[in-house]
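# prediction below, plus the sequence it came from.
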Amino acid sequence: MTPINKRAGQRPEWLKVRVPGNLDALPVSHLINDLKLNTVCQEARCPNIFECWAAGTATFMILGEICTRRCTFCAVGRGVPSPVDDDEPRRVAEAVETMRVKHAVITMVNRDDMPDGGAEHVARTVAAVRERTGAAVEVLISDLEGNRDALRVVIDAHPEVLAHNIETVPRLYPAVRPVAKYQRSLDLLRWAHEAKTNGMLTKSSLMLGLGETEDEILDVARDLREAGVDIFTLGQYLAPSEKNHPVRRYYTPEEFAELGNRARALGFHHVESAPLVRSSYMAHRAVGG
């Protein structure tokens, strides 16, 4: 597999998936709107939404809708974020309880405007879900600008899974994640592995199709495993708009299966690898082993 330096062209048939039904017609959609919450499932119009929600998995995005970074793959708005909503943890917990979520994924926008990167708010949200439900909790956090004390705050909330996505290979960071640093993300995952308690698992994800090579993919997989990462997911990058980083290559399901097998051989606790896999796809399966 070699990188392609032009746009990949028309989306192949295996990626032409229709969401079965109107998301806005789902009863829980009204609940999410009433509670003024964001779910990544709805925001991204994820084709896996019915499968995941039926299995009791849902992903909530906290700390607002504006990110302080300018990653070229992402559709989240960039700019000056709104003040933190102190009541948000309670509302997330209410949604988890009402939706009967068994595995709640709590993700966040980058909040480089905050001294702790939003870590305390993440920890408060985990605690609120714990107090109100018996759901397992997975947090998908930013790199917290490499703040090890902030990471400790999140770990001390005892999520079942602590995730931070590496997203792409080191060579592509300047083009894809210009404010982020590959080594900083890797260090964060290593620190989480070293500090974890109560059986917490660590997790990371890689998008394919940005212009990477097979050797670079496997090098990242080895780096993550050496950093102690337990769960690894690989999925196809799909550009949210023409303004985002272009898709350079569409990988076939067979290529994803082969890469998944090679990643499993490195010793990960759990691997998900398929074109439509996203970092929180059927997240409960990894906790169950």
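Perfect, I can see it now.
# beta partners of residue 62?
Listed beta-bridge partners, residue 62: residue 108 (assigned using DSSP bridges).
# switch to numbering from 465
Yes, from this point I'll number from 465; that puts the last item at residue 526.
# give me the pLDDT for residue 709.
Residue 709 is assigned 93 on the pLDDT scale.
# let me know the secondary structure of it.
Here residue 709 is coil, with the state taken from DSSP: H, G, I helix; E, B strand; the rest coil.
# same check, this time on residue 575
coil.
# any idea how far it lies from residue 592?
18 Å (Cβ to Cβ, to the nearest Å). C-beta: built from backbone N, CA, C; applies to glycine.
# which one's more surrounded, those two?
residue 575 (25 against 19; other Cβ atoms under 10 Å).
# my read: that one touches residue 547, true?
No - in this structure, residue 575 is not within contact of residue 547 by Cβ atoms under 8 Å, at 10.9 Å.
# pull stretch 695-705 out as PDB, backbone CA atoms only.
Extracted C-alpha coordinates of stretch 695-705, given in PDB (Å, rounded to 0.1, in the frame of the first residue of the first chain):
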ATOM      1  CA  ILE A 695      -7.700  -1.400  22.500                       C
ATOM      2  CA  PHE A 696      -6.900  -0.300  18.900                       C
ATOM      3  CA  THR A 697      -9.500   0.700  16.300                       C
ATOM      4  CA  LEU A 698      -8.900   1.400  12.600                       C
ATOM      5  CA  GLY A 699     -11.500   2.900  10.300                       C
ATOM      6  CA  GLN A 700     -11.800   4.700   6.900                       C
ATOM      7  CA  TYR A 701     -11.400   8.500   6.900                       C
ATOM      8  CA  LEU A 702     -14.300  10.200   5.200                       C
ATOM      9  CA  ALA A 703     -14.000  13.900   4.600                       C
ATOM     10  CA  PRO A 704     -16.800  15.900   6.200                       C
ATOM     11  CA  SER A 705     -16.700  18.500   3.400                       C
END
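# buried stuff in it?
Buried residues in stretch 695-705, defined by neighbour count with 16 or more other Cβ atoms under 10 Å: 695, 696, 697, 698, 699, 700, 701, 702, 703.
# same question, stretch 648-658
Neighbour-count burial for stretch 648-658 flags 649, 650, 651, 652, 653, 654, 655, 656, 657 (criterion: 16+ other Cβ under 10 Å).
# quick one: secondary structure of the spatially closest residue to residue 611 that is not a sequence neighbour?
Distances taken as Cβ to Cβ, 6 or more residues apart in numbering put residue 581 closest to residue 611, at 6.0 Å, once the chain neighbours are dropped. Classification of residue 581 by three-state DSSP places it in coil.
# can you pull the contacts of residue 581?
Remark: with contacts taken as Cβ atoms under 8 Å, 6 or more residues apart in numbering, residue 581 is in contact with 574, 575, 606, 607, 608, 609, 611, 614.
# separation between it and residue 612?
Using Cβ to Cβ, residue 581 is found at 11 Å from residue 612.
# please apply the same query to residue 737.
Residue 737 is 31 Å from residue 612, by Cβ to Cβ.
# more crowded one of these two?
Neighbour count, other Cβ under 10 Å: between residue 737 and residue 612, residue 737 has more, with 23 against 12.
# do I have it right that that one meets residue 724?
Yes - assessed by Cβ under 8 Å, residue 737 is found in contact with residue 724 at 2.9 Å.
# now do the shared contacts for the two.
With contacts defined as Cβ under 8 Å, 6+ apart, the residues shared by residue 737 and residue 724 are residue 698.
# poorly predicted segments of the stretch 465-614 of the chain, please.
Across the stretch 465-614 of the chain, the ranges flagged by pLDDT under 70 are 465-470, 481-498, 500-520.
# er, the stretch 615-753 of the chain I mean
Residues of the stretch 615-753 of the chain meeting the criterion pLDDT under 70: 744-753.
# switch the cut-off to 90
Within the stretch 615-753 of the chain, the ranges that satisfy pLDDT under 90 run 660-662, 702-708, 740, 742-753.
# and the helices in the stretch 465-614 of the chain?
491-498, 504-507, 513-518, 552-563, 583-596, 612-619 (DSSP state H, counting those that start in this stretch).
# does anything pack onto the longest one? Which helices or strands?
In this case it means helix 583-596. On a contact count with 3 or more Cβ pairs under 8 Å, 6 or more residues apart in numbering; DSSP states H and E, helix 583-596 meets strand 521-526, helix 552-563, strand 567-572, strand 600-604, helix 612-619.
# let me know the angle separating the last one from strand 600-604.
Angular relation of helix 612-619 and strand 600-604 on a 0 to 180 degree scale: 160 degrees, by axes from the mean of the first three to the mean of the last three Cα atoms, to 10 degrees.
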